[in-house]
Structure formats: C-alpha cells, structure tokens
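Q: return atomic coordinates for the entry below.
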Amino acid sequence: MNPSLVFILVTIFLDAVGIGLVFPILPSLLKEHASDPQAATRMFGWFISLYALMQFLASPVLGALSDRFGRRPVLLLSLVGAGIDYLIMANTSSLFILFLGRIVAGLTGASMTVASSYVSDTSNDSNRASRFGYVNAAFGLGFVVGPAVGGWLGATFSTHAPFLAAAIMNLTNVAFGLFVLRESLPKEKRRRVAFSSLNPFRSLAWALRMPAVRPGLVVLFLSFLAGHVPPSIWAIYTGERYGWDTRAVGLSLSAYGICMTFSQAVLTGRLTTLLGERRTIGFGLATLVACFAGFGLAPYGWMIFPLLMVDSVASISGPVMQAQVSGHIPQANQGELQGTIVSLMSLASMLTPLLATQLHATFSAPEPPFGLQIPGIAFFAGAVLFLAAAVVHVSGNPASGSCAKGLSTPPSTPH
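A: From the prediction side, this is the model:
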C-alpha cells in the first residue's frame, strides 16, 4: 500500500478518533450548563445537529474545490481547521464558544469527502468495494481507540481533556501529510467550478437526476438517518437505562469499533464476492432492522455487546452501496459525488439527533405522553428507517456497468 493511501486511512482513523474521544463526555459536559436531564438531552441533539448543518453546507463546496484544485490542499487545510477548533474547545468553559467551535468544525469537515474522492481516484472496478471497506475499517478502528481513550481522559482528568488530545492528533497528522501525501487528481482531469455548483441542494439535484445512482442514494440516505441514531443517543441511553459511566460508554463503543474493523476489512470483499452487491446490501439492511429493535428492547446492558457484534457485520452494506454508486460516475466528478454523499450523511446527522433526542427526552420524562415510557423509542425509529431502506433497495433496480450509464452532465460543470 502506497504512503499516500496510508495517510488517507490514517486521516480517516484520526477523524474517527477525534469524534470518538468526545462522544462519551459530551453529555456530562453539557449537563454542566443544563437545568435538568431532559434539557441536557435536547441540548446534546442541537450540539450534534449544528455540526452536521455546517458540514452539509460545506461538503459540496469542499468536494467541488477538490475537483478544481486537487485533493491534497483541500484535505490538509481542513485538517488544520479541525485541529484549531479542538484547541479552542479544549480551552473554554463557555457554552457559546463550544457551539461556535462546532460551526468551525463543520465548515472544515472535509476529511471524509476528499478522502473518499482520493480512494475513488486510485481505485478500479476490481478493488473499489474492498478499498471503501478499508476506509470504513479505518473509521471503525478509530472508534476502538477514541471512545475508550476519551472516556478515560474525561473521567480521569476533565471533560475538556479529550478535545486537547484530538487537537494534537489532527495537527500531527497535518505534518505527516505534508511529507507523504501525493495528489491523486491529475491537472488534466480537473474542472472549473461554477459558483452555482457550491449550492448543496443543486449538487443533490444533479445526483438524484441520474437513474443509475438515484435508488442507491435514497437507500444511503435512509441508512444514514437510521445509522445516526446510536451516536445521537448512545451515551445518554446507556447511562440512564443501564447506569453506565463514561468509561463503560467508551468501552462499549470501542468494542463496536473492534467488530466493525474486522467486518469492514475482512468481510466486505469476501461477502460481496460470495453474494454479489445487491444481496450483500439486502442482507445488511435486514440484519440492521433486527439489531436496532434489539437495542431498544434489551433490558440488561450485557445484551448490548452481542448485538453490537451482529450490527458490525451488517454494516458492510454501507461501503458496498457507496462503491456501487461511485462506480457509475467518472473520475472528474468523483469529488462532487462524494461531496453529495457526505452532504446526505450530514443532512441525516443534522436531522437524526434532533429526532432521536426529542423522542428520548419525551418518552423518558417522568410524565411521558399517554403515560408510556419507552426508553428505546429512538432505536425503534431507526429500525423503521432501515426497513424503509430495505424496501427501496428491493424495489429499485440500479443500472450496472460502466460509469457512463445513466450519467447526465452536471449542470454546473463547464469543462
């Protein structure tokens, strides 16, 4: 594996570590500013959604800019911005500054957009699915390290210590990238970017007009909506229902990261070869429906761990679907497509935290609607969304073949 691809995987790994470091301690941090548990839960949802909103607005911009100027400069600048943001958040006790920091992090959150474009640039039909599996494996491995370390730092030192650790890692990675990262998009394949292409909704409209990728994008979006339920509610849900502290929350997320790393790195390519892309995706979505129902029903904390193992295997449907979609788009437009996919992910991660935290706060309150306390209601909602994704996948019929099939020229792409 060449050093540049290693850097991309390290970048994705550190991005996951940075996210994982802060997730176990965010509820405790926000409780310092909230009057009651329900208020802290709702504030947590807004905190996550603000980041996602900024990323939704910025991702197509950064993806399109990487199509114009190359992947390397956009990726490195985004990592610098993330490092500075974490430094600010590590040194403030102001709730306003914490929310402002989320805005900066969202605006500079180009790592996944540009990294995915880089992987697609350097892949072909024979290895694209497995390489996207490596991408997800790197992200999963980050969740092995991040939550465990973040939970330990938060419990041992302070709720601000994980932010400092994330800043150090991001800025160190910038120095690494300056030496090893090579540009993956040749100058002759770059394109000019019209101002209108920076509109995230226009980019979405362009992608959704292509019959070859439209069903896959709808399935991805529904899966993103459902998949963001656990990070939106995990620390709060397990703390309230099972009495887990930040260490236990971090360890559970790390256990999931271990399982996901194995699944994405080892099983993605093999199951895709054995079952084919469509059956692999269908298997994953159906299994995720069952897992999320299990999360919501499990009365004891130990039951979560076998469910996490099964969930991690089912998650291989994500990279397979992304590889299937990206295989229909030419290299010159991969930045815009990957930006569109990350925009869908960001839109989902903006909507789901609000839905999940509102549902949880409402149905775990001392006096819930109709007298029904349903602590797992957010996971039940996630199961319904995965079921809807499975229905769309079964009823849809994505075209196969070369990237030219179903491709219409982006309205904002003068060559």
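
Q: okay, and the helix or strand of the chain with the least pLDDT?
A: helix 200-208 (a mean of 67; mean pLDDT, DSSP states H and E).

Q: now the element after it, going C-ward?
A: helix 214-227 (DSSP states H and E).

Q: tell me which residues are up against that next one.
A: Contacts to helix 214-227, defined as C-beta atoms under 8 Å, 6 or more residues apart in numbering, come from residues 207-208, 281, 285, 288, 292, 315, 317-318, 321-322, 324-325, 340-341, 344-345, 347-349, 351-352, 381-383, 385-386, 388-389, 392-393, 396-398. No exception for glycine: its C-beta is placed from N, CA and C like everyone else's.

Q: try 7 Å this time
A: Applying C-beta atoms under 7 Å, 6 or more residues apart in numbering, the external contacts of helix 214-227 come out as 207-208, 292, 318, 321-322, 324-325, 341, 344-345, 348, 351-352, 382, 385-386, 388-389, 392-393, 396, 398.

Q: helix or strand next in line after it, which one?
A: helix 229-242.

Q: how about the CA coordinates for that next one, as PDB?
A: The C-alpha trace of helix 229-242 is given here as PDB (Å, rounded to 0.1, in the frame of the first residue of the first chain):
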ATOM      1  CA  VAL A 229     -29.400   7.100  16.000                       C
ATOM      2  CA  PRO A 230     -26.700   5.400  18.100                       C
ATOM      3  CA  PRO A 231     -24.200   8.300  18.200                       C
ATOM      4  CA  SER A 232     -27.100  10.700  18.800                       C
ATOM      5  CA  ILE A 233     -28.300   8.900  21.900                       C
ATOM      6  CA  TRP A 234     -25.800   6.200  23.000                       C
ATOM      7  CA  ALA A 235     -24.100   7.800  26.000                       C
ATOM      8  CA  ILE A 236     -27.400   9.200  27.300                       C
ATOM      9  CA  TYR A 237     -29.400   6.000  26.700                       C
ATOM     10  CA  THR A 238     -26.900   3.500  28.200                       C
ATOM     11  CA  GLY A 239     -26.200   5.900  31.100                       C
ATOM     12  CA  GLU A 240     -29.900   6.200  32.000                       C
ATOM     13  CA  ARG A 241     -31.100   2.700  31.300                       C
ATOM     14  CA  TYR A 242     -28.000   0.600  32.400                       C
END
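
Q: please list the outside residues in contact with stretch 361-377.
A: Here stretch 361-377 has contacts from 38, 41-42, 237, 240-241, 295-297, 359-360, using C-beta under 7 Å, 6+ apart.

Q: among those, which two are most distant?
A: Arg42 and Leu297 (24.4 Å; C-beta to C-beta).

Q: out of the contacts of stretch 361-377, which are inside strands?
A: If you go by DSSP state E, the contacts of stretch 361-377 have nothing in strands.

Q: of Arg42 and Leu297, which one has the most company?
A: Per other C-beta atoms under 10 Å, whichever of Arg42 and Leu297 has more neighbours is Arg42, with 19 against 12.

Q: got the contact list for that one?
A: Here Arg42 is in contact with 357-358, 361 (C-beta under 7 Å, 6+ apart).

Q: which of the residues you listed ranks first by neighbour count?
A: Busiest of the contacts of Arg42 [other C-beta under 10 Å] is Thr357, holding 25 neighbours.

Q: from Ile377, how far off is it?
A: Applying C-beta to C-beta, to the nearest Å, the value for Thr357 to Ile377 is 11 Å.

Q: equivalent analysis for Gly227, please.
A: 17 Å.
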